[in-house]
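K.L.:
Provided below for reference: sequence and predicted model.
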Amino acid sequence: MDDMTGGAAARAVGATFETAHKAARSDAVPAQVRTLPQLLDWRVGSTPELEAYREFNAGTGQWASFSWREAALRIASWRAALARTGLERGSRVAILLPNGLAAVCIDQAALALACVPVPLHALDNPESIAYILADSDAALLVVASLGQWQAIAALQRALPMLRNVVVLEEMDSAVDAPAGGPRICSVTAWLAARAETAPPLPPLAPEEDELAALVYTSGTTGKPKGVMLTHANVVSNVKAALVRVAPRTDDVFLSFLPLSHTFERTAGYYLPIAAGCCVAYARSIALLADDLLIVSPTILISVPRIYERVYAKLRQALAGSEWRLWLFMWAIEVGWRRFRREQALPEERHGWPLWDSLAWQLLEPRVARPVRAAFGGRLRVAVSGGAPLPPVISRCFLGLGLPVLQGYGMTETSPVVAVNAPDDNDPATVGRALPGVELRIAERSELLVRGPSVMRGYWKRETDTHNAFLDGWLRTGDQAVIEHGRLRILGRVKEIIVTSTGEKIAPVDLELAITADPLFEQACAMGDERPFIACVVVLNRDAWVRLAGSLRLDPSAPASLRDAGARRAALEKITARTSAFPRYAQPRAVLLTLAPWTVENTLLTPTLKVKRQNLVARYKAEIDAMYTR
């Protein structure tokens, strides 16, 4: 796509700022910058004409670009509109918007008025959103569409503190709100309104120990908890990450993880402000592959699922040609050795450097370069966080020259605790702790964290807050070891399957091994208080069609998924992938499905983790039958 609605348009708006970007480099954030509004003011004052944001305008069919000065003017109009609502200091402002400049504007407006943003996942279900609105006592809600609000209102949940609902889409007429309910208006009317009384007093800037966000955890095992993050928490994390990853003012981020995800908020939103980078907003996950080619980002903030999908498609494309598959695997082996030499890591298999160099001249343009081109061709940093990246996938992309940096963190730590660096990258670990962050290993190998980025606590949950700390250290719930200054995550302290025979198995490691096979899109291991390990897997549709054909089954017939031969073939692949695990940890039964687990069907959290309790409840009859067999 190379017309003014696609690649050429994006390159044109980017080129407008190219000269200015080349002339500037990001400087260290001054010590006096201690709050997020101060960070934005400093950035606008430092590089007002550099490109700040880029997004696709569906109305014009073109990509639009905004400088820091232009973005600041937009934010000022949102701040004025929010000030007119008369919210008190510390009031919660809920944001249910897709990634884009509007989400930035309301977030920055709330921060500047010492209010507290409550980011909500745009794809979350209405019940979960209503719960968060009630629990946070949100006073104002900004939504993308009227339909979103109507779905929430239909639940008839008491929201006594909610006074205003601002809708991003245009509405034909005013919407009547129930008696005592919030006032509903379009964002256009909201921004255009003028105060009829005297203008409000200038806002008081927030203090560094006041809340900068109330971010609700995913809720994998229960109701979401509101994590209280202060300005000091977030700014300290941004400053520390700035040192480790070192973005430049000529870098371009492609933002697609939801801004309700703390990883994206800090690393993909506040960090670019500190560094003076441009953030381009992807149109959707469905169009992500196209947007990577159009935007050609230099920095990507992602979760493992994106890399897993690309890897699966690569393997699928190569499945029909043994020669191409052999060439692909050879390129990975040669590139992997080159990578380990460059990083001064111990080589797993010694090769001849001269021979590898000659082989790479052949393999790089034919194999590695086309794979990198699928990511836009310019990536110099690709951060993966939120969950472990399967070793086979990190080995693939690092071997082909894609600079994947694994990191570790959690919402409660703002979120980054540790991350690898481009010139200090050991993919078997999640890197070294950020400057100012302390790590300690406690009983049962549990990782404890202490530092300026650690949360104040959980909103309205004193007991949970108390239980989250041990002698002033945050309990992460993750098992880890520290080797030569690097952090390696082993698994979850509590996320352990204990079979009825007394064996203990970490399900996450098992699931990562299973999904390394192209047949399996998703996997969930189970067996708590059962005699053996079993699993539920979501099949890749194309791979299933091929497998079903080889078994002479109709791939479109639901009964084929229950066929004993199909289960046996899938189990053989699972056994091969889990051969390194003890025999008791290898699944002995499998349930096949083609229905993916998503946020919308409540089987995934907004951060794409499996909700195990929901999944077990969804497939209870089939799971019971699987164990009965």
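P.N.:
Here it is on my side, so go on.
K.L.:
give me the three-state assignment for residue 447.
P.N.:
Here residue 447 takes the strand state, with states given by DSSP: H, G, I helix; E, B strand; the rest coil.
K.L.:
near it, how many other residues are there?
P.N.:
Other residues within reach of residue 447, judged by other C-beta atoms under 10 Å, total 26. C-beta here means a position set from N, CA and C on the backbone, and glycine is covered the same way.
K.L.:
so who does the nearest residue to it once chain neighbours are set aside touch?
P.N.:
Of all residues not flanking residue 447 in the chain, residue 480 sits nearest, at 4.0 Å (C-beta to C-beta, 6 or more residues apart in numbering). Taking C-beta atoms under 8 Å, 6 or more residues apart in numbering, we find residue 480 in contact with 439, 441, 445, 446, 447, 487, 488, 489, 490.
K.L.:
nearest to residue 387, of the residues you listed?
P.N.:
Nearest to residue 387, judged by C-beta to C-beta, of the contacts of residue 480 is residue 489 at 10.0 Å.
K.L.:
list the buried residues for the helix or strand where the closest one lies?
P.N.:
In this assignment (DSSP states H and E), residue 489 forms part of strand 486-492. Buried residues in strand 486-492, counted by 16 or more other C-beta atoms under 10 Å: 486, 487, 488, 489, 491.
K.L.:
so which of those is the closest to residue 434?
P.N.:
Closest to residue 434, out of all of those and judged by C-beta to C-beta, is residue 487, at 10.6 Å.
K.L.:
just checking, next helix/strand downstream of the least confident helix or strand in the chain by mean pLDDT?
P.N.:
In the chain, the helix or strand scored least confidently by mean pLDDT, DSSP states H and E is helix 18-23, which has a mean of 41. If you walk from helix 18-23 toward the C-terminus, the next helix or strand you reach (DSSP H and E) is helix 36-46.
K.L.:
re earlier: just checking, what packs against the very next helix or strand once past the strand holding residue 489?
P.N.:
Downstream of strand 486-492, the first helix or strand assigned by DSSP H and E is strand 497-498. With contacts taken as 3 or more C-beta pairs under 8 Å, 6 or more residues apart in numbering; DSSP states H and E, strand 497-498 sits against strand 504-505.
K.L.:
run the angle between the helix or strand that the strand it packs on is followed by and strand 486-492 for me.
P.N.:
Remark: after strand 504-505, the chain's next helix or strand is helix 507-514, criterion DSSP H and E. Angle of helix 507-514 versus strand 486-492, following axes from the mean of the first three to the mean of the last three C-alpha atoms, to 10 degrees, is 100 degrees.
K.L.:
name the residues of helix 507-514 that come out as buried.
P.N.:
507, 508, 509, 510, 511, 512, 513, 514.
K.L.:
let me have the residues you listed in a markdown table, extended by pLDDT and distance to residue 566.
P.N.:
Below are the buried residues of helix 507-514 laid out as a markdown table (pLDDT from 0 to 100; distance: C-beta to C-beta, whole Å):
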| residue | pLDDT | distance to residue 566 |
| --- | --- | --- |
| 507 | 87 | 23 |
| 508 | 83 | 26 |
| 509 | 79 | 26 |
| 510 | 89 | 21 |
| 511 | 90 | 20 |
| 512 | 87 | 23 |
| 513 | 89 | 21 |
| 514 | 94 | 16 |
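K.L.:
of all these, which comes closest to residue 476?
P.N.:
residue 508 (14.2 Å).
K.L.:
how about that closest one: what's its closest non-neighbour residue?
P.N.:
Counting by C-beta to C-beta, 6+ apart, the residue nearest residue 508 is residue 491, at 5.8 Å.
K.L.:
buried residues, stretch 572-590. List them.
P.N.:
573, 574, 575, 577, 578, 581, 585, 586, 587, 588, 589, 590.
K.L.:
so what pLDDT did the fourth one get?
P.N.:
What that stands for is residue 577. Note on residue 577: pLDDT of 92.
K.L.:
cool, the second one as well?
P.N.:
The predicted local confidence for residue 574 comes out at a pLDDT of 95.
K.L.:
put the alpha carbons of stretch 555-562 into CSV.
P.N.:
What follows is stretch 555-562, C-alpha atoms only, in CSV (Å, rounded to 0.1, in the frame of the first residue of the first chain):
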residue,chain,number,x,y,z
PRO,A,555,-11.8,-30.5,9.7
SER,A,556,-15.0,-28.5,9.8
ALA,A,557,-16.9,-31.2,11.8
PRO,A,558,-16.9,-30.7,15.6
ALA,A,559,-16.8,-34.5,16.0
SER,A,560,-13.4,-34.6,14.4
LEU,A,561,-11.9,-32.7,17.4
ARG,A,562,-13.2,-35.5,19.7
